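> Have a look at this prediction, sequence included:
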Amino acid sequence: MSAIRLTQYSHGAGCGCKIAPDVLDGILAKAGPGATHSRLIVGNQGREDAAVYDLGDGRGMIATTDFFMPIVDDPFDFGRIAATNAISDIYAMGGTPVMALGILGWPLDKLGADIAGDVVAGAQAVCRELGLGLAGGHSIDAPEPIFGLAVNGLIDLKHLKLNKGAQVGDLLYLTKPLGVGMLTTAEKKGLLEAGHQGLAREAMLKPNDIGAELARIEGVHAMTDVTGFGLAGHLAEVCEASGVAARIDFKRLPRLAQAEAYRRQGAIPGGTERNRQALGDKLPPMDEAHWQWLCDPQTSGGLLLAVHPSWEDDVERIGRAHELELEPFGEIVRSQGAALLEVRG
């Protein structure tokens, strides 16, 4: 473990650095739709995880980028988490990643180049493990440490999964538990017990490669990954795109149980409240525990699926093959009024 504490050199952490979705809407509205192309299937008009370009032979090229400030102190682990998170966008569309480029901003006056090298080495290790090449990239001298990847992947277009497509009656699944934001905040505040060290790291390092298999299931109607906007924010995106709403059984929601004690001690990331405010009346009135869990910003979070009930056995079988015990935590319902989410339990 490095003696350097990377998190002390940045004002934010992981996907909690993301600009709030309502603010992002304003930025994109002013920028306009941008250039279009006849083969650009998915661009920046929606809130999809990546762009998709039709290669003309039944396949698509998926392109994405993601980067952030340190969420852990160890440089090698920071590189691993940042890489796992960026590659996840390819899996969330159902694709297979094939190549990545590094994005590095580094405060050389505060942190040495050898530490940056450890970050890149961590990313390289993940790329090697997942079978894609880290082919270079770009770096700048920056006031705060930043790292991430631009990733390209391939997809058989008949298996492409989008946010849009969820149908009334679909079951909701999440492939990783929530609570990463609370645990990493607890660590930054010095609250984390020794026995809980590494819980968040291990969750963030679990790759979402299961997405490439889940995408081949016809009954998976929509898929995305849960990151900085929290479960509520990303589920609301699915609901808006699909013209539906969602009902959540809070007791069945996958959660890192150890995080609850830290939530009660006030280990709430700044992004949690920003996510709640950004959702506005899309989020119904609920008690503090509910909205703090639902709006907890995740870094390298799990895949969120909307699945036709007749295909739940297939989803759960694939989950077990990846050592995941998947169970539905809610369902898609008809939209009524402004609120997109209903929470029970």
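Right, received. Where do you want to start?
> wait, what's in contact with the spatially most central residue of the chain?
Centroid-nearest residue in the chain: residue 227, 2.9 Å away (criterion: CA atoms, centre = their mean). If you count contacts by CB atoms under 8 Å, 6 or more residues apart in numbering, residue 227 has them with 15, 18, 85, 88, 234, 297, 298, 299, 300, 301. Just so you know, the C-beta spots here come from the backbone N, C-alpha and C atoms, and that holds for glycine as well.
> Is the third one part of a helix or strand, or is it coil?
Residue 85 falls in the helix class when you classify it by DSSP: H, G, I helix; E, B strand; the rest coil.
> Is it correct that it is in contact with residue 298?
No. Here residue 85 does not reach residue 298: they are 9.4 Å apart, not a contact under CB atoms under 8 Å.
> between those two, which one's more packed in?
A direct count of neighbours by other CB atoms under 10 Å for residue 85 and residue 298 places residue 298 higher, at 32 against 29.
> where's the more buried one relative to residue 162, distance?
20 Å (CB to CB, to the nearest Å).
> The protein: strands as residue ranges?
40-42, 51-54, 59-68, 96-106, 133-141, 146-156, 171-174, 220-225, 245-249, 303-307, 330-333, 341-344 (DSSP state E).
> Check residue 7 and give its pLDDT.
Per-residue confidence at residue 7 stands at 78 (pLDDT).
> before we move on, what about residue 325?
Looking at residue 325, the pLDDT reads 95.
> ok, it - contacts?
Contacts of residue 325 by CB under 8 Å, 6+ apart are 316, 319.
> Now it, what are its backbone angles?
The phi and psi values for residue 325, taken as degrees, to the nearest 10, are phi -100, psi 90.
> ok, now how distant is residue 36 from residue 163?
Distance, residue 36 to residue 163, using CB to CB: 19 Å.
> Tell me which of the two has more neighbours.
For residue 36 versus residue 163, neighbours defined as other CB under 10 Å are more numerous around residue 163 (25 against 9).
> Would you check that my belief about that one contacting residue 239 is correct?
No. Between residue 163 and residue 239 there is no contact under CB under 8 Å: 9.1 Å.
> Of the contacts of residue 227, which is the nearest to residue 311?
residue 234 (21.0 Å; CB to CB).
> burial of the closest one, as a residue count?
25.
> ditto for the one 3 residues further on
Other residues near residue 237 number 22, with proximity taken as other CB under 10 Å.
> residues contacting it?
Neighbouring residues of residue 237 by CB under 8 Å, 6+ apart: 21, 47, 163, 224, 229.
> Now with 7 Å, please.
Shown in contact with residue 237 (CB atoms under 7 Å, 6 or more residues apart in numbering): 47, 163, 224.
> Closest to residue 199 out of those residues?
Using CB to CB as the measure, the one of these that approaches residue 199 most closely is residue 224, at 23.9 Å.
> how close does the closest one sit to residue 202?
Distance from residue 224 to residue 202, counting by CB to CB: 22 Å.
> Between those two, point out the one with more neighbours.
A count of neighbours by other CB under 10 Å puts residue 224 above the other of residue 224 and residue 202, at 27 against 8.
> Hmm, the more buried one is touching residue 93, no?
No. Taking CB atoms under 7 Å as the definition, residue 224 is not a contact partner of residue 93, at 8.8 Å.
> can you list residues touching both of those two?
residue 49.
> Next, count neighbours for residue 154.
Close neighbours of residue 154, defined as other CB under 10 Å, add up to 15.
> Quick check: pLDDT value at it.
Value for residue 154, per-residue pLDDT: 98.
> now do residue 40
We have a pLDDT of 89 for residue 40.
> Kindly report the same for residue 293.
Confidence at residue 293, expressed as pLDDT, is 98.
> what sits against it?
With contact taken as CB under 7 Å, 6+ apart, residue 293 is in contact with 178, 255.
> Residue 165 and residue 222 touch, don't they?
Yes. Using CB under 7 Å, residue 165 is in contact with residue 222, at 4.3 Å.
> So those two - more neighbours on which side?
Set residue 165 next to residue 222 and count neighbours by other CB under 10 Å: residue 222 wins out with 24 against 16.
> these two touch, right, the more buried one and residue 235?
No. Contact criterion CB under 7 Å: residue 222 and residue 235 do not qualify, at 10.0 Å.
> number of nearby residues for residue 341?
23.
> Kindly apply the preceding question to residue 311 instead.
With other CB under 10 Å as criterion, residue 311 counts 18.
> measure the nearest residue to it once chain neighbours are set aside to residue 310 for me?
Counting by CB to CB, 6 or more residues apart in numbering, residue 311 lies nearest to residue 219, which is 2.8 Å off, once chain neighbours are set aside. Distance, residue 219 to residue 310, by CB to CB: 6 Å.
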